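Enquirer: kindly return the folded structure for what I paste below:
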Amino acid sequence: MRRIIFAIIVTVLMGLTAGPALASEYEDMDICLGKKVLARALCKDPLEVNYVARVRDNIYLFSVFYAKQEARFVVGISNNKIRIQGKEFLTLTKTLSYEFDTMSKCGVVRFSSVECPTSEPIVCCSEKTVEEKLDEKFWDRPIPDLLEEDLRRALEVDAPDEGEVPGDGAKTPKQ
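Expert: Numbering: from 1, shown residues only. Below you'll find the model as predicted:
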């Protein structure tokens with residue numbers, strides 16, 4: 001009996017402890033967020049920040065010219081936090097919160113630096129799938145075009161074949 005209770009307690013405790021962070025399925029968005037947040041923290045243009053490599057799941061390495069030399073920074077992105085740390089400049093460490101919208105697949109960071117007074121939010125979205133792109137392309141068309149296409153399809157389906165008498169089901173020659 002004691003073994004069963006011990007096994008249950010161990011199972012419950014294992015379930016309550018935090019497991020390792022799962023890899024993001026939106027890696028392109030994570031890289032974009034890392035690049036833009038690092039650029040904002042250093043008061044640089046995002047084009048000056050270079051993505052180098054993925055170190056581990058959700059941890060990315062960037063390089064940028066900073067303080068008269070090429071510097072590398074590690075950016076870690078978890079469910080709702082972004083952490084920046086310089087490899088050469090260990091004093092430059094920041095942890096920021098961000099929001100992720102599952103519907104639009106976009107991450108939004110509200111962050112401004114004292115050195116760089118830009119206050120607009122940083123927004124990065126994940127690349128859309130082929131199905132999402134087709135769906136968006138469909139709904140971006142004008143409504144009259146959608147209605148006309150729908151009417152054309154309905155008429156094609158309902159149109160009787162040539163020589164067929166409606167309601168009869170059999171083909172009769174035209175007179």
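Enquirer: all helices for this protein, in order.
Expert: 2-16, 27-42, 130-139, 143-158 (DSSP state H).
Enquirer: deepest-packed of those helices, please.
Expert: helix 27-42 (a mean of 22; mean count of other C-beta atoms under 10 Å). Using the backbone N, CA and C atoms, a C-beta is placed for each residue, glycine as well.
Enquirer: is the residue nearest to residue 44 when sequence neighbours are not counted in a bridge, and if so with what?
Expert: Closest residue to residue 44 apart from its sequence neighbours, by C-beta to C-beta, 6 or more residues apart in numbering: residue 64 at 6.1 Å. Judged by DSSP bridges, the bridge partners of residue 64 are residue 71.
Enquirer: list the contacts of the residue positioned nearest the centre of the chain.
Expert: Geometric centre of the chain, nearest residue: residue 126, 2.9 Å, by C-alpha atoms, centre = their mean. Each residue near residue 126 by C-beta atoms under 8 Å, 6 or more residues apart in numbering is listed here: 26, 28, 29, 105, 106.
Enquirer: would you list the residues you listed in TSV and tack on distance to residue 146?
Expert: Output for the contacts of residue 126, formatted as TSV (distance: C-beta to C-beta, whole Å):
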residue	distance to residue 146
26	31
28	31
29	31
105	25
106	26
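Enquirer: what average pLDDT does stretch 58-70 get?
Expert: In this model, stretch 58-70 has an average pLDDT of 89.
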